[in-house]
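K.L.:
Build me a model from this:
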Amino acid sequence: METKILIIGACGQIGTELTHKLRAIYGNENVIASDIRKLNNDIVNEGVFEVVNALDYNQIEHLLEKYQITDVYLMAALLSATAEKNPAFAWDLNMNSLFHVLNLAKSGKIKKIFWPSSIAVFGPTTPRENTPQYTIMEPSTVYGISKQTGERWCEYYHTQYGVDVRSIRYPGLISWSTPPGGGTTDYAVDIYHKAITDGKFTSFLSENTGLPMMYMDDAIKATVSIMQADGDKIKIRSSYNLSGMSFTPAEIAEEIKKHFPNFTIEYAPDFRQKIADSWPASIDDAEARKDWGWKNDFDMENMTVEMISKLKETVYK
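P.N.:
Reported below is the predicted structural model:
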């Protein structure tokens, strides 16, 4: 049967890049992008687009039937820093959108689900260095609580009802093509913009705050890889640890100075510091590498070269 994909939250930071990639692989007509509102952008203009509220079960069900969807990528969520400002809505969106999709799969209307988790599932009691796949998880943010709960439900629906749901715990994601979206790790996107425009940057995290990060190309590669893998290779149905690199604001500033020698950075930690302090500094993703062959292409050095050149080519040409 032909793969027909619905992406819910296609206009977000990950959704944008994922939609482009999936359309390149499966064809524009087989990838239905959807989001809460219709923007004037490539995602909307270059393929099939539908306005959908991720909290509306009937809207989702209608699109599944209209386009004979096989695979759903549920990318709609309220991110860490934004969610802290509106906890009740964050819980509602992050949890009930997942329930809708899981229940539609349970009733046989979806063959395969991708649902993203996050390093936010970990908390201050989690081992910070080389955080293992199985460890203490006591998240301290609404986002993290919703993602940890979602992981448990994904595994439950797979075990009890045979739902083919797949997930990875994204680290902080860095992309040149979409602006920062309210996440705690988004300083690592903004710093490149400011290096080009201002030659200086004020970080909302302290200089030695190490966090797991990943270049967006690797995140998209991992997402597509886990969905294309044979089902019997997916041993973990909660969510896989995923790693690319880890660095601090001071380290990324030093890397940027290789390209902009006069670049300067200052530090003014805000409420996001507390969130970052509760997360791992580095991640052990041996299970993903073993089970479905995960391998990252980017480290801090080649990512920095790519970020600067892409931003100069597109945003600041």
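K.L.:
CA atoms for contacts and neighbours, from now on please.
P.N.:
Fine.
K.L.:
Excluding sequence neighbours, find me the nearest residue to residue 280.
P.N.:
Here the nearest residue to residue 280 in space, its sequence neighbours aside, is residue 128; by Cα to Cα, 6 or more residues apart in numbering that works out to 4.2 Å.
K.L.:
any idea how far that neighbour is from residue 38?
P.N.:
Counting by Cα to Cα, to the nearest Å, the separation of residue 128 from residue 38 is 40 Å.
K.L.:
got it, and residue 123?
P.N.:
On the measure of Cα to Cα, residue 123 and residue 38 end up 36 Å apart.
K.L.:
So which of these two has more stuff around it?
P.N.:
A count of neighbours by other Cα atoms under 10 Å puts residue 123 above the other of residue 123 and residue 38, at 23 against 15.
K.L.:
Okay, and the more buried one sits in which element?
P.N.:
In the assignment (DSSP states H and E), residue 123 maps to no helix and no strand.
K.L.:
shouldn't it be in contact with residue 142?
P.N.:
No: contact criterion Cα atoms under 8 Å: residue 123 and residue 142 do not qualify, at 11.5 Å.
K.L.:
which residues of the stretch 1-150 of the chain fall in strands?
P.N.:
5-8, 31-35, 49-51, 71-74, 112-114, 117-118 (DSSP state E, counting those that start in this stretch).
K.L.:
how about those, which one is nearest residue 234?
P.N.:
strand 112-114 (12.2 Å; Cα to Cα).
K.L.:
Quick check: chain neighbours aside, which residue is closest to the residue lying farthest from the centre of the chain?
P.N.:
Distance to the chain centre peaks in the chain at residue 262, reaching 32.4 Å (criterion: Cα atoms, centre = their mean). Nearest-residue entry for residue 262: residue 199, 6.9 Å, with adjacent residues in sequence omitted and distances by Cα to Cα, 6+ apart.
K.L.:
next one: residue 201
P.N.:
Per Cα to Cα, 6+ apart, closest to residue 201 is residue 265, 4.8 Å.
K.L.:
Report pLDDT for residue 136.
P.N.:
As predicted, residue 136 sits at a pLDDT of 97.
K.L.:
Could you do residue 182 as well?
P.N.:
66.
K.L.:
Just list what the lowest-mean-pLDDT helix or strand in the chain packs against, helices and strands only.
P.N.:
Within the chain, no helix or strand scores below helix 80-85, which has a mean of 83 by mean pLDDT, DSSP states H and E. Packing partners of helix 80-85 (3 or more Cα pairs under 8 Å, 6 or more residues apart in numbering; DSSP states H and E): helix 142-161.
K.L.:
what does the helix it packs on contact?
P.N.:
78-80, 83-84, 87, 90-91, 94-95, 98, 102, 106, 117-122, 137, 139, 163-165, 237-239 (Cα atoms under 8 Å, 6 or more residues apart in numbering).
K.L.:
Mind checking which of those are in helices?
P.N.:
80, 83-84, 87, 90-91, 94-95, 98, 102, 106 (DSSP state H).
K.L.:
quick one: least confident of those residues?
P.N.:
residue 80 (74).
K.L.:
Tell me which residues touch it, please.
P.N.:
Residue 80 touches 120, 141-144, 182-184, counting by Cα under 8 Å, 6+ apart.
K.L.:
Please repeat the previous calculation with a cut-off of 6 Å.
P.N.:
143, 183 (Cα atoms under 6 Å, 6 or more residues apart in numbering).
K.L.:
surely the residue nearest to residue 280 meets residue 278?
P.N.:
No: Residue 128 is beyond contact range of residue 278, at 8.5 Å (criterion: Cα atoms under 6 Å).
K.L.:
so how far is stretch 210-221 from its chain's centroid?
P.N.:
Remark: stretch 210-221 is offset 9 Å from the chain centroid, using Cα atoms, centre = their mean, to the nearest Å.
K.L.:
what about stretch 228-248, start to end distance?
P.N.:
Note: stretch 228-248 ends 33 Å apart using Cα to Cα.
K.L.:
Now do it: distance to the chain's middle.
P.N.:
That offset, for stretch 228-248, works out to 12 Å (Cα atoms, centre = their mean).
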